[in-house]
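Participant: Build me a model:
(one chain, ligands or ions: 1)
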Amino acid sequence: MTPAPHHAAWLRATRQSLAVGEAAPTPPGPGEILVRNRAIAINPFDGIVQSLGGLVTPWLRYPAVLGSDLAGEVLAVGPAVSRFAPGDRVVGLALGVEKAANRGAEGAFQERVVLREACAAHIPQDLAFEQAAVLPLAFATAACGLFLPRHLGLRHPSLVAATQAPEEAVLVWGASTSVGCCAIQLAAAAGYAVIATCSEHQFEHARRLGASACVDYHDPAAPERIGEALGRRKLAGVLCLAVGAAGACIDVAARCPGSRRVAMASTPVSLVDAPLDRQLGWKLRRLPRLALGFASLSLRARRGGVGTSAIWGSSVVHDPWGSRLFQDFLEPALASGSFQPAPQALVAGHGLEAIPAAMELLRRGVSARKVVVALPGALPA
Ligand SMILES: NC(=O)c1ccc[n+]([C@@H]2O[C@H](COP(=O)([O-])OP(=O)(O)OC[C@H]3O[C@@H](n4cnc5c(N)ncnc54)[C@H](OP(=O)(O)O)[C@@H]3O)[C@@H](O)[C@H]2O)c1
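Facilitator: Residues are numbered from 1 along each chain as shown. Purely as a prediction, here's the structure:
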């Protein structure tokens, strides 16, 4: 059955506003499922691709459909798909802007999305689509940084709770970010103690997710506090999830006993405030600072004997182990309640037209919240 046309929030060219319009139906191919989208989460990357696509995703074909995170119901499955059936409730990582996919049909900002089977997981009946949608890119990014050998290369997470006290600790810098909420839980599930940096008002939240110690990153003595929290344990690695925080992360890795590896998901300076038009002034001010930031991090890492790597979160699904992560870890962990879909969804609006305002809300900043847009359930089949 060929699906009916639906609507998408199109990005017709780089630096354009999103425009809601009709999208041609795309039946799922081999290893793919077609999902009726019920909730979309917004990531900082969405706004960065919209305004700086020429720099960060130069391969992107236009018109494009942005968006990585969604949850909804399976409408149809492609050939050779056995894990899913129409009607299943799923959460999924949409790869539309990825170089390997690069097609509008796989972007999250539309009513019907083609998902790859490896990037989807069933969700429990009592988990709302809006809350499930907070997970995919954050989960993939945390797993990518923590476990892939080119990043921290840690032991893999287990569904069985560890019985021994952890001998090593992971530092999650930016623990109240969406990625941090997943990283705390994944590192704890892999048997590591987790030292979390976040604002003090998020300590309780980080502890509930499994952090064993919390340090306020605003405290100028945060690196010393982290050393104290580490105690006699060794550092297994540092996951840096906040803009401008990599320097402090490198310093901690250089001075603490253990692994001297820092995996970075964020840039040295912010890119989220790039304007859509009249970018030249912004670029002349910001891009030299960005280049200088990377150069000084590289020098600092070399001086401290620290290895650094830059994370591309969704690449985890191209790894042999990572390609089973949604199926073998996320799905059973959500079903058993051992993995929390955190942070809490902040529903910013309903319908595709609400996406630009939701992106603006995220640009202004959130604390332990994921900005989500709900989509109406009543679409013709
Ligand atoms: N490379 C990739 O593939 C990839 C993928 C996804 C995300 N990212 C990046 O990863 C970062 C996190 O993304 P997200 O969507 O999870 O962010 P988010 O949830 O929007 O981040 C908001 C949080 O940032 C925290 N924060 C701000 N400055 C901080 C600092 N200096 N140190 C520690 N925490 C700080 C705030 O903590 P408090 O409220 O506790 O102060 C707040 O909770 C972003 O930079 C994003 O661009 C990269």
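
Participant: interface residues of the stretch 101-250 of the chain facing the ligand?
Facilitator: 137-138, 141, 173-174, 176-179, 197-199, 202, 217, 241-245 (C-beta under 6 Å from any ligand atom). From N, CA and C alone the C-beta is placed, and that goes for glycine too.

Participant: how about 8 Å then?
Facilitator: Along the stretch 101-250 of the chain, the residues adjacent to the ligand under the rule C-beta under 8 Å from any ligand atom are 137-138, 140-141, 144, 173-181, 197-199, 201-202, 217-218, 241-245.

Participant: Quick one: buried ones out of these?
Facilitator: 137-138, 140-141, 144, 173-181, 197-199, 202, 217, 241-243, 245 (16 or more other C-beta atoms under 10 Å).

Participant: I figured S212 was touching A187, is that so?
Facilitator: No: applying C-beta atoms under 8 Å, one finds S212 not in contact with A187, separated by 10.2 Å.

Participant: hey, what's in contact with both of the two?
Facilitator: Contact criterion C-beta atoms under 8 Å, 6 or more residues apart in numbering; residues shared by S212 and A187: V194.

Participant: Check the secondary structure at L159 for me.
Facilitator: coil (DSSP: H, G, I helix; E, B strand; the rest coil).

Participant: A8 too?
Facilitator: Following three-state DSSP, the label given to A8 is strand.

Participant: Give me the contact list for stretch 293-306.
Facilitator: Under the contact criterion C-beta under 8 Å, 6+ apart, stretch 293-306 has outside partners 244, 246-247, 250-251, 253-255, 260-262, 267-269, 307-308.

Participant: now that we have these, which one has the most neighbours?
Facilitator: V262 (31 neighbours; other C-beta atoms under 10 Å).

Participant: list the contacts for it?
Facilitator: Counted by C-beta under 8 Å, 6+ apart, V262 has contacts 237-240, 246, 249-250, 253, 301, 306-309.

Participant: now with 10 Å?
Facilitator: Applying C-beta atoms under 10 Å, 6 or more residues apart in numbering, we find V262 in contact with 145, 151-152, 171, 173, 237-240, 245-254, 297, 301, 304, 306-309.

Participant: Tell me which strands the host helix or strand of it pairs with, and in which orientation.
Facilitator: Applying DSSP states H and E as the criterion places V262 in strand 261-264. If you go by DSSP bridges, strand 261-264 pairs up with strand 234-240 (parallel), strand 307-310 (parallel).
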